[in-house]
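>>> Model the structure of this input:
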Amino acid sequence: MGRRGYWSDALITRGPTGQWDGACDPFVAVDATGRVYATYLANTRSGWGTDIYSQTSVDSGRTWSEPVAVCPSTEIDKPVSACDISPESPYRNNFYVIYCIVWGGTFVARSTDGGATFVTPTRASPLPGGEGYEDTGLPYVCIGPSGEVNAIWIDSVLGYRIVFRRSTDGGASFPDTLRTVASFSYRSQTNPCGRFRIPTCPVLACDISGGVHRGWLYACWQYPATDGTDPDIFFTRSTNNGTTWSVPMVISDDSTHRWQWWPSMAVDPVSGYIGVSWLDRREDATGCRYACWGTISTDGGTTWAANVRISYQLSDPTNSTFLGDYIGTTISSHGFYSTWPDLRNDAGDVYGAWWNTDPLTLPLRVTAYCVGNDIRLTWHGTSAHHYRIYSAPTADGPFDTLEGSTAGTTFNDIGAANDSVKFYIVRASTEP
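From the prediction side, this is the model:
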């Protein structure tokens, strides 16, 4: 299920030196050039004073730029960021940060110069006095295939509901009508185990692939589905740019009536596959200990694979006062990579793992060697009918180049010996 990773630490900061006591709510995004953006709230240990800062790295996180203020200082919460990586977008490599002002609305800030500066933020929620203005929170943003800036947040004016709005001019304006994605009776629940909070944080993703679901929007959140107390993971989609949304469906297949919460979602920009992960208590009869679980849809959210366990050990949050507010999911080498708060060792660590729901056994003992000007790959066969061979110029990938497929256990990459460096993966498949 998982792959072992190797990590190194690099201190980012907490805003300008000497100005703030700490930092929280980190979020990471990567643009099409490989530039990494780290965004966070810098705060004091008393009061609501907060600022959003962003820092960038062009060497995969080893070193970082000085902090840049994203927006004017005020009572800010929950920044979420996204990069425009669509090849067809006129705003490609724009960097966006969505956030809310406490009792003041939802805003989107953007940078068009690699995070060096930020344009004056644009209001995404309606103007003062309009529907959905007074109380907004927990926003999320994703970018569409033509550079659409898609935004959701929780609106508490007319009952709790998830609302949607989009910009088609690179975040300069949000003229679209405010649309309701889903409605519910409250946005946070009492946690029966531990003293940490569990708010309903909706997430949003978009298919920017060249497939049949290109441009479709997907939203996930937690909410009780059956007995009114134990939350499940809900999913809905829009096939018309957010104008209407499908009837929400539960994608967590637990039958124990135990908690599933904090969904996180990503869409593969090549295949269009949707990956969703969350925290899950289904394995603990006491309804307390949790693991990270997930599922994948390969057909635009119509059907979902059987849920799989991502983390290897259960965490016991009985004595925890705070776990955070969300987890993370991104795409990784024809699968997904999730991170979550893990309590197996002490009061809390961040763990991560690569995962997918493919039941096929991985090919073993892949070997590559030169035969003239070609590179020949061999491996031990499995029960798979076919194998796909992917390559990348670095060991870190992404392995997006499909070199070919075969029903056997040998493959020749013609002329590849003339390339300077090439890395391969072989993946079992049910089809060529």
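>>> ok, so what distance separates the closest residue to residue 56 other than its chain neighbours from residue 10?
Spatial nearest neighbour of residue 56, chain neighbours left out: residue 115 (4.3 Å); criterion: CB to CB, 6 or more residues apart in numbering. Backbone N, C-alpha and C define where each C-beta goes, glycine included. Using CB to CB, to the nearest Å, residue 115 is found at 16 Å from residue 10.
>>> Looking at these two, which has the bigger crowd around it?
Per other CB atoms under 10 Å, whichever of residue 115 and residue 10 has more neighbours is residue 115, with 25 against 12.
>>> Just confirm the residue nearest to residue 56 contacts residue 69, I think it does.
No. Using CB atoms under 8 Å, residue 115 makes no contact with residue 69, being 11.3 Å away.
>>> For residue 376, give the beta-bridge partners.
Beta bridges link residue 376 to residue 369, residue 412, judged by DSSP bridges.
>>> so it makes contact with residue 414?
No. Using CB under 8 Å, residue 376 is not in contact with residue 414; the gap is 10.2 Å.
>>> And those two? Which one has more around it.
The residue with more neighbours, out of residue 376 and residue 414, is residue 376; 16 against 11, by other CB under 10 Å.
>>> who touches the more buried one in this structure?
Residue 376 sits next to 368, 369, 370, 410, 411, 412, 413 when contact means CB atoms under 8 Å, 6 or more residues apart in numbering.
>>> number of nearby residues for the closest residue to the first one other than its chain neighbours?
If I follow you right, that is residue 368. In space, and not counting its chain neighbours, residue 368 is closest to residue 377: 5.0 Å by CB to CB, 6+ apart. The tally of other residues near residue 377 (other CB under 10 Å) stands at 23.
>>> Same check on the one 3 residues further on?
A count of nearby residues for residue 380, using other CB under 10 Å, gives 11.
>>> which strand residues sit across from it in the sheet?
For residue 380, the beta-bridge partners are residue 364 (DSSP bridges).
>>> For it, give me the pLDDT.
Per-residue pLDDT puts residue 380 at 80.
>>> if I look at it, how far off is residue 387?
Residue 380 is 11 Å from residue 387, by CB to CB.
>>> Now list whatever residues contact both of those two.
With CB under 8 Å, 6+ apart as the test, residue 380 and residue 387 both reach 363, 409.
>>> In the record's domain split, what are the boundaries for the protein?
What automatic domain parsing lists as the domains of the chain is 22-355, 364-429.
>>> highest average neighbour count across the ones you listed?
Looking across those with neighbours counted as mean count of other CB atoms under 10 Å, the highest average goes to domain 22-355: a mean of 19.
>>> Could you pull up the mean pLDDT of it?
For domain 22-355, mean pLDDT rounds to 89.
>>> how long is that domain end to end?
End-to-end span of domain 22-355 (CA to CA, to the nearest Å): 33 Å.
>>> got the contact list for the most far-flung residue of the chain relative to its centre?
For the chain, the largest distance from the centre (CA atoms, centre = their mean) belongs to residue 372, which lies 43.5 Å off. Residue 372 makes contact with residue 417, according to CB under 8 Å, 6+ apart.
>>> ok, now with 10 Å
By CB atoms under 10 Å, 6 or more residues apart in numbering, residue 372 lies in contact with 412, 414, 415, 417.
>>> can you put those in CSV and add distance to residue 344, secondary structure and pLDDT?
Shown next, in CSV, are the contacts of residue 372 (distance: CB to CB, whole Å; DSSP: H, G, I helix; E, B strand; the rest coil; pLDDT from 0 to 100):
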residue, distance to residue 344, secondary structure, pLDDT
412, 45, strand, 93
414, 48, coil, 91
415, 48, coil, 89
417, 46, helix, 86
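>>> Reformat those as a markdown table; add distance to residue 300.
Below are the contacts of residue 372 laid out as a markdown table (distance: CB to CB, whole Å):
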| residue | distance to residue 300 |
| --- | --- |
| 412 | 36 |
| 414 | 36 |
| 415 | 37 |
| 417 | 40 |
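>>> What are the boundaries of the strands in the stretch 201-350 of the chain?
Applying DSSP state E, counting those that start in this stretch to the stretch 201-350 of the chain gives strands spanning 203-206, 217-224, 231-238, 249-250, 260-267, 274-280, 291-297, 308-309, 328-331, 336-342, 349-355.
>>> Give the partner strands of the fourth one in its sheet and their orientations.
Partner strands and pairing direction for strand 249-250 (DSSP bridges) are strand 231-238 (antiparallel).
>>> Could you do the last one as well?
The sheet places strand 349-355 alongside strand 336-342 (antiparallel), with pairing taken from DSSP bridges.
>>> one step back: got the phi/psi numbers for the residue nearest to residue 56?
Phi and psi for residue 115, reported as degrees, to the nearest 10, are phi 90, psi 10.
>>> rewinding a little: with respect to residue 210, which of the contacts of residue 372 is nearest?
residue 414 (25.8 Å; CB to CB).
>>> so what's the closest one closest to, chain neighbours aside?
residue 374 is the one closest to residue 414 (CB to CB, 6+ apart), at 5.4 Å.
>>> Settle this for me: that neighbour is touching residue 410, isn't it.
No. Contact between residue 374 and residue 410 fails when scored by CB atoms under 10 Å: they sit 11.4 Å apart.
>>> tell me the centre residue of this protein?
Geometric centre of the chain, nearest residue: residue 329, 4.0 Å, by CA atoms, centre = their mean.
>>> Settle this for me: that one is touching residue 356, isn't it.
No. Using CB under 10 Å, residue 329 is not in contact with residue 356, being 12.0 Å away.
>>> what's the overlap in contacts for those two?
By CB under 10 Å, 6+ apart, the residues touching both residue 329 and residue 356 are 275, 294, 310, 336.
>>> which residues does the first one contact?
Read that as residue 275. Contacts of residue 275 by CB under 10 Å, 6+ apart are 205, 264-268, 294-297, 305, 329-332, 335-338, 355-357.
>>> nearest spatial neighbour of it, skipping sequence neighbours?
Per CB to CB, 6+ apart, closest to residue 275 is residue 336, 3.6 Å.
>>> Can you spell out which residues form a bridge with the one you found?
Beta-bridge partners recorded for residue 336 (DSSP bridges): residue 331, residue 355.
>>> for residue 264, what are its contacts?
201, 203, 205, 220, 275-279, 292, 294, 326-330, 336, 338-340.
>>> try 8 Å
203, 220, 276, 277, 278, 326, 327, 328, 329, 338.
>>> Please apply the same query to residue 37.
28, 29, 30, 31, 54, 55, 56, 81, 83, 95, 115.
>>> Over to residue 182?
161, 162, 219, 221, 234, 236, 245, 248.
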